[in-house]
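Q: Just to be clear, the model below is a prediction. Sequence and coordinates:
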Amino acid sequence: MNLTNKKCIPCEGGVSPIPYEDLNKYIASVLAWEAIKEETEIEKSYKFKNFAEALAFVNKVGEIAEEENHHPDIEFGWGYCKIRLSTHSIGGLHENDFIVAAKIDGITNE
């Protein structure tokens, strides 16, 4: 499943979250992301050498989020960043979450 070539579609609710039985397929398509909060969010932590590197990464994540119009929760500080994705309007995970996760992982491969 190549998610980096896909584009997020607007999701205002009214659709179901990814069914539990399909979740492993999506999780397998993104590196080291894990499902949390009863499979309603995915999360990944990144390590950096210093604050400047973490901030530069967060700014790139912000660019992806704006391009895709799908925005993660971001926690960062000196040498670390934690990203959480969920589609709040449906109370769970949508393919959009995994598209953004895959594109964020692409930053670290640049």
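A: Here it is on my side, so go on.
Q: Measure how buried Ala102 is and give me the count.
A: If you count neighbours by other Cβ atoms under 10 Å, Ala102 ends up with 21. C-beta coordinates here come from the backbone N, C-alpha and C atoms, glycine included.
Q: Which helix or strand contains Glu75?
A: In the assignment (DSSP states H and E), Glu75 maps to strand 73-77.
Q: So which bits of that strand are buried?
A: For strand 73-77, a neighbour-count test (16 or more other Cβ atoms under 10 Å) marks Phe76 as buried.
Q: can you check stretch 88-100 too?
A: By neighbour count on 16+ other Cβ under 10 Å, the buried set for stretch 88-100 is Ile90, Gly92, Leu93, His94, Glu95, Asn96, Asp97, Phe98, Ile99, Val100.
Q: so who does the fifth one touch?
A: Applying Cβ atoms under 8 Å, 6 or more residues apart in numbering, one finds that Glu95 lies in contact with Leu3, Lys6, Ile18, Tyr26.
Q: Which of these fall in strands?
A: Among the contacts of Glu95, no residue falls in strands (DSSP state E).
Q: Mind checking which of those are buried?
A: Among those, those classed as buried by 16+ other Cβ under 10 Å are Leu3, Ile18, Tyr26.
Q: Was I right to think the last one contacts Leu93?
A: Yes. Shown here, Tyr26 and Leu93 form a contact pair, counting by Cβ atoms under 8 Å, at 7.3 Å.
Q: hmm, back to that, can you redo the buried residues of stretch 88-100 as JSON lines with distance to Pro72?
A: Listed next are these as JSON lines, based on distance: Cβ to Cβ, whole Å:
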{"residue": "Ile90", "distance to Pro72": "16"}
{"residue": "Gly92", "distance to Pro72": "15"}
{"residue": "Leu93", "distance to Pro72": "12"}
{"residue": "His94", "distance to Pro72": "13"}
{"residue": "Glu95", "distance to Pro72": "15"}
{"residue": "Asn96", "distance to Pro72": "11"}
{"residue": "Asp97", "distance to Pro72": "8"}
{"residue": "Phe98", "distance to Pro72": "12"}
{"residue": "Ile99", "distance to Pro72": "12"}
{"residue": "Val100", "distance to Pro72": "6"}
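Q: Name the nearest of these relative to Thr40.
A: Ranked by distance to Thr40 (Cβ to Cβ), these are led by Gly92 at 4.6 Å.
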